[in-house]
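Enquirer: Quick one, what's the 3D model for this:
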Amino acid sequence: MLHIKKILLPVDFPNTTIRVIQQAATLARHFGSEILMLHVVIEHSYTAGVPRGTELAHWDLLAAILKSGAKDPQHSVQSALNALTVRTLVIEGDPFLKIVKTAREQGADLIMMPSHGFTFSQFLLGSVTAKVLDWEPCPVWTGAHVDEPPTKEFAINKILCAVDFGLRSDRAVMWATQLASAFGARLTLAYVTPGVEFWGPGGYSVNQEWKEALVRNATRQMADLQQRLGTNAEVFIGSGDVPKVLGQAVSQTNADLLVTGSYPYGVHLRTQGYAIMCAVPVPVLNV
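Expert: The predicted model follows:
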């Protein structure tokens, strides 16, 4: 059984990513989780309205976020967090170090954070996100890397799980399987083979024999993986650029969530983790 008892939710201010808060609320409501909302104060935070000095200890982060969210009734933070257990923590320091330290001290089962935003665009999308993703054993959920507001309430009905048959694939599949079971979602396992295009007379061509051999091998490995783990998910096998093909797979399967085992020991998924986050229009759960 999947147990997510505590969710660490780093948030920006004042441009809080409402979408990720709603996603955290969806998980917290389902698993009975406590949400620990964390804001790491940096110099930029003060210009955004976060108080300095002794006033910071008395500043109510959640009240400030609720007040900001009330301006947009269509995506109300208050309704999303209603009846949930939410604690807040506001601390100063290096964002990466404080996020990791807090996750470790608080025993977080999952870190959920936006992929980009007002302050986080500078700090979390670059080195901080990469560092947090490299820290284990806590899985990390990053919000969809899109600017458009959500057109519907977040729900987990279909899950795509990307594997590379590396050391993290089993863990990723088990997380995806248990999430799918918890939410009654449809699960598809995806693998992307290397590209088989080559340049020659007349332009690019596809080595069809090579492509078929790669697909056969991937199909066999996928069957072995499912037999070993006792799963019976649908399978998607593509070839070419990994982020682009996974983006296509998300669209083709209408997935609401992409699960990967891309850190810290993944094979080709490991090196393309950030590009995958940018290429798919849904949240990415790195386990």
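Enquirer: Glu43 versus Val128, what's the distance?
Expert: Using CB to CB, to the nearest Å, we find Val128 at a distance of 15 Å from Glu43. Just so you know, the C-beta spots here come from the backbone N, C-alpha and C atoms, and that holds for glycine as well.
Enquirer: One more: Cys138?
Expert: According to CB to CB, Cys138 and Glu43 sit 27 Å apart.
Enquirer: The two: which has the busier surroundings?
Expert: Cys138 (18 against 7; other CB atoms under 10 Å).
Enquirer: residues contacting the more buried one?
Expert: Cys138 makes contact with 8, 103, 108-111, according to CB atoms under 8 Å, 6 or more residues apart in numbering.
Enquirer: cool, and Lys98?
Expert: 38, 40, 91.
Enquirer: my read: Trp59 touches Val50, true?
Expert: Yes. With contact defined as CB atoms under 8 Å, Trp59 counts as touching Val50 (6.9 Å).
Enquirer: so what sits against both of the two?
Expert: Overlap of the contact sets of Trp59 and Val50 (by CB under 8 Å, 6+ apart) consists of Val90.
Enquirer: Neighbour count for the two, which is higher?
Expert: The neighbour count for Trp59 versus Val50, taken as other CB under 10 Å, is higher for Val50 (20 against 17).
Enquirer: And that one, how far from Lys131?
Expert: 23 Å.
Enquirer: So what sits opposite Val284 in the bridge?
Expert: With DSSP bridges as the criterion, Val284 is bridged to Thr142, Leu258.
Enquirer: which residues does the residue nearest to His39 when sequence neighbours are not counted contact?
Expert: Closest residue to His39 apart from its sequence neighbours, by CB to CB, 6 or more residues apart in numbering: Val90 at 5.0 Å. Neighbouring residues of Val90 by CB under 8 Å, 6+ apart: 38-39, 41, 50, 56, 59, 61.
Enquirer: Out of these, list just those in helices.
Expert: Leu61 (DSSP state H).
Enquirer: Which one of the contacts of Val90 is nearest to Gly166?
Expert: Checking these against Gly166 with CB to CB, the nearest one is Leu38 at 30.7 Å.
Enquirer: contacting residues for the closest one?
Expert: Counting by CB under 8 Å, 6+ apart, Leu38 has contacts 8-11, 88-91, 98-99, 102.
Enquirer: For it, give its distance to Gln22.
Expert: 17 Å.
Enquirer: Repeat that for Ile7.
Expert: 13 Å.
Enquirer: which of those two has more neighbours?
Expert: Legend: neighbour count by other CB under 10 Å for Ile7 and Gln22, higher for Ile7 (24 against 19).
Enquirer: ok but the more buried one is inside a strand, no?
Expert: Yes. Judged by DSSP: H, G, I helix; E, B strand; the rest coil, Ile7 forms part of a strand.
Enquirer: That one bridge partners, please.
Expert: In this entry, Ile7 is beta-bridged to Ile35, Leu110, by DSSP bridges.
Enquirer: Can you name the residues that contact it?
Expert: 24, 27-28, 33-36, 108-112.
Enquirer: Same check on Leu187?
Expert: Counting by CB under 8 Å, 6+ apart, Leu187 touches 158-159, 161, 176-177, 180, 231, 233-234.
Enquirer: try Leu2
Expert: 31, 175, 178-179, 182.
Enquirer: after whatever helix or strand Glu212 lives in, next one along is what?
Expert: Remark: Glu212 resides in helix 208-229, with elements defined by DSSP states H and E. Proceeding N to C from helix 208-229, the next assigned helix or strand is strand 234-239, under DSSP H and E.
Enquirer: Can you find the helix or strand in this structure with the smallest mean pLDDT?
Expert: Here the helix or strand of the chain ranked lowest by mean pLDDT, DSSP states H and E is helix 120-123, holding a mean of 48.
Enquirer: Looking at the residue lying closest to Met112 once chain neighbours are set aside now. What's its pLDDT?
Expert: Excluding the flanking residues, the one nearest Met112 by CB to CB, 6+ apart is Trp141, at 4.2 Å. For Trp141, the pLDDT comes out at 91.
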